[in-house]
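Trainee: fold the following, please.
(chains A and B)
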Amino acid sequence: MRRLNLGYFIKEGFSSIFSHGLMSFAAVCMIVACLIIMGSFSLLAINVDDMLKQLEEENEFLAFIDEDYTENQIRELMAQVRQLDNVGQVEYITREQAKADYLKGHESEGLYVNLPDEVLRDRLSIHVIDLERFSETVEAVKALPGVANHRAASEVAEGFVAVRNAVTALAMVLVAILAVVSLFIIANTIRLATFARREEIAIMKMCGATDGFVRWPFIVEGLILGLMGALVAFFLQWGVYVAVGSALVENGANALFSLMDFGLIWKRVLGIFMLSGAAIGAVGSGFAIRKFLQV
Amino acid sequence: MIRLIDVHKEYDNGTKALKGINLRIEDGEFVFLVGPSGSGKSTIIKLLTAEITASKGRVIVNGYNLGNIRRWQIPHMRRTLGIIFQDFRLIEKKTVQGNLEFAMRTVGASGREMRKRIPYVLDLVGLEDKADVYPNEMSGGEQQRVAIARALVNNPKMIIADEPTGNLDPRRSLEIMTLLERINAMGTTMLVVTHERDLVNRFSKRVVAIKDGEMIRDGQGGYYRA
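Mentor: Numbers count the residues shown, from 1 in each chain, chains lettered A, B, ... in the order given. This next block holds a predicted model:
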């Protein structure tokens, strides 16, 4: 692209936005609507994912150690566990600590106060990194010599994974469908704007303009409209997100489901909106202009 | 230079618009293409500007064989032509100067080239003082002069004028045709499509007449009978 043409394309792109103000406004509104719908689904998925990650971090299982194991053997076992793939933090809990913790939960029940320490076993509390490989990790720990027994809520872990995968897949499918729908809506809106200028395009083509020369100002126009729409959509999305967060707090629903702080994600949201807006605008324009180039 | 060799054109709806047209126009010629409505004149223009392709036969325009021209070559072929329409087809929101700049920019002309060429062309068509005027502030004759200026501004080898006087009164029509004749005298090949008998008769030029898709006459002299 020649430098002279680049300046011309940008100038033409901007000037046609203002000379076809109403259509430009309609296109921006469509982009805003599409991005907010897509953004809302994406933010929901991000929050569900974040919530599940927090729950995952609390995920652990217990490996009970053989009663005959000495202190040194237990240290060796801990080292072996730590070397296993997918194992995070490993904590050694003596039978005395285990009893004390147990009694903490049953303070009102004096029945257990005289429970001898020997009833319980020494144990390792093992955190799992990737919940999807929870069962596999439990099996690996079980196979180590010195591990007499274990206690793991595999079903709960698998449930978390299933929910997260379902939400992510649903969000991805919805966002993909909405992206395609947005593209068609934007392409049609820009096609309407382009229709009014088909004569201009025909003149350009008859004067010997290449397809690229005709197409670029429209793509620049679509790009600018997309970026404008993305910026407006970002601020509206921000407002909606904060309002929903406040409503959750007011209704006491935040104990069950709380939203991430927008300050932590605004850069990502803005970046995705700007990229999506620019892509939708530019590609939509490219599609819209195609028919009018057949002169 | 134009060559049409046994050109046939049948549209998708079955209409046979051209039935074996043979035509040769040399560089520098002035040719009237005449015929009644529906005779196939517009189809010939569309073939020459590569808007459509022939069903059979060969079409060669300024060295480009349009039967096997690649899509990317079409703009380059069109740059060898200047096209004038009956309805002027000017961009209303641009001034006369703007319309000419628009045409020059499409072929990648620089600002310097535009500053040099546009005043010359406006002077040639007698609109040297109208550069900043908008088309809707001008008469039909003046608008057609702007269209001629636009066709000329990229210095084409040939001008194809499709009913250039169709929207003008007899006096303006004569002025426009005289202007086209003057441009032809400067070396630009001229193909003028018209069905204005009096105007054709007034100029002693080569006349190609077609009817029902067939050539019925190709000869020198103004008289023709459609």
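Trainee: up against chain B, what does the stretch 151-295 of chain A have?
Mentor: Taking Cβ under 8 Å from any Cβ of the partner chain as the measure of proximity, the stretch 151-295 of chain A contacts chain B at A:199-200, A:202-211, A:213, A:295. Quick note: C-beta positions are derived from backbone N, CA and C, even for glycine.
Trainee: any low-confidence regions in chain B?
Mentor: In the prediction, chain B carries residues with pLDDT under 70 at positions B:222-226.
Trainee: roughly how far is the helix or strand containing B:Arg172 from the heart of the chain?
Mentor: Secondary-structure element containing B:Arg172, defined by DSSP states H and E: helix B:170-185. The gap between the average C-alpha position of helix B:170-185 and the chain average comes to 13 Å, counting by Cα atoms, centre = their mean, to the nearest Å.
Trainee: again, but for stretch A:180-192
Mentor: Averaging C-alpha coordinates over stretch A:180-192 and over its chain gives two centres that are 26 Å apart (Cα atoms, centre = their mean).
Trainee: likewise stretch B:163-170?
Mentor: Its chain's C-alpha centre and that of stretch B:163-170 lie 14 Å apart, by Cα atoms, centre = their mean.
Trainee: so the residue nearest the centre of chain B, which state does it fall into?
Mentor: If you average the C-alpha coordinates of chain B and look for the closest C-alpha using Cα atoms, centre = their mean, you land on B:Ile160, 1.5 Å from that point. Here B:Ile160 is strand, with the state taken from DSSP: H, G, I helix; E, B strand; the rest coil.
Trainee: I'd guessed it sits against B:Phe85; true?
Mentor: No: the pair B:Ile160 / B:Phe85 is not scored as a contact, 9.7 Å apart, by Cβ atoms under 8 Å.
Trainee: what mean pLDDT does the helix or strand harbouring A:Phe235 get?
Mentor: A:Phe235 is part of helix A:211-250 when elements are defined by DSSP H and E. Mean per-residue pLDDT for helix A:211-250: 90.
Trainee: following element in sequence after that helix, please.
Mentor: helix A:262-290.
Trainee: quick one: low-confidence ranges for chain A?
Mentor: A:1-4, A:55-58, A:105-113, A:115, A:117-118, A:153-154, A:157, A:254-256, A:295.
Trainee: tell me the contacts of the residue positioned nearest the centre of it?
Mentor: Here the mean C-alpha position of chain A is nearest to the C-alpha of A:Ile46 (Cα atoms, centre = their mean), at a distance of 3.7 Å. Applying Cβ atoms under 8 Å, 6 or more residues apart in numbering or on different chains to A:Ile46 gives the contacts A:260, A:265.
Trainee: now do the helix or strand it falls within: distance to the chain's middle.
Mentor: For A:Ile46, the enclosing helix or strand under DSSP H and E is helix A:21-57. Centroid displacement of helix A:21-57 relative to its chain, using Cα atoms, centre = their mean, is 10 Å.
Trainee: same question, stretch B:79-96
Mentor: On the basis of Cα atoms, centre = their mean, stretch B:79-96 is displaced by 11 Å from the centre of the chain it belongs to.
Trainee: and it, which residues are buried?
Mentor: Buried positions in stretch B:79-96, judged by neighbour count with 16 or more other Cβ atoms under 10 Å in any protein chain shown: B:79-86, B:88-91, B:95-96.
Trainee: that one and chain A, are they touching?
Mentor: Yes: contact of stretch B:79-96 with chain A is found when judged by Cβ under 8 Å from any Cβ, involving B:79, B:81, B:83, B:89, B:91, B:93.
Trainee: could these be laid out in a markdown table, adding secondary structure?
Mentor: Written out in a markdown table, the entries for the residues of stretch B:79-96 next to chain A read as follows (three-state DSSP):
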| residue | secondary structure |
| --- | --- |
| B:Arg79 | coil |
| B:Leu81 | strand |
| B:Ile83 | strand |
| B:Arg89 | coil |
| B:Ile91 | coil |
| B:Lys93 | coil |
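Trainee: and of the residues you listed, the nearest to chain A?
Mentor: Distance ranking of these against chain A, using Cβ to the nearest Cβ, places B:Arg79 first at 3.5 Å.
Trainee: let me see the contact set for the closest one.
Mentor: For B:Arg79, the contacting residues are A:207-208, B:107, B:154, B:156, by Cβ under 8 Å, 6+ apart.
Trainee: next, it: phi, psi?
Mentor: Main-chain dihedrals, B:Arg79, degrees, to the nearest 10: phi -70, psi -10.
Trainee: also A:Leu62?
Mentor: Taking degrees, to the nearest 10, you get phi -110, psi 140 for the backbone angles of A:Leu62.
Trainee: I'd guessed it sits against A:Ala152; true?
Mentor: Yes: with contact defined as Cβ under 8 Å, A:Leu62 counts as touching A:Ala152 (7.4 Å).
Trainee: tell me which of the two has more neighbours.
Mentor: Each of A:Leu62 and A:Ala152 had its neighbours counted (other Cβ atoms under 10 Å in any protein chain shown), and the higher figure belongs to A:Ala152 (21 against 17).
Trainee: contacting residues for the more buried one?
Mentor: By Cβ under 8 Å, 6+ apart, the neighbours of A:Ala152 are A:61-62, A:134, A:138.
Trainee: on that earlier part again, report the inter-axis angle for the helix holding A:Ile46 versus helix A:262-290.
Mentor: For helix A:21-57 against helix A:262-290, the angle between stretch directions is 140 degrees (axes from the mean of the first three to the mean of the last three Cα atoms, to 10 degrees).
Trainee: so the nearest residue in space to B:Arg172 that is not next to it in sequence, which state does it fall into?
Mentor: Computed as Cβ to Cβ, 6 or more residues apart in numbering or on different chains, the closest residue to B:Arg172 that is not its neighbour in sequence is B:Gly141, at 3.5 Å. Here B:Gly141 is recorded as helix under three-state DSSP.
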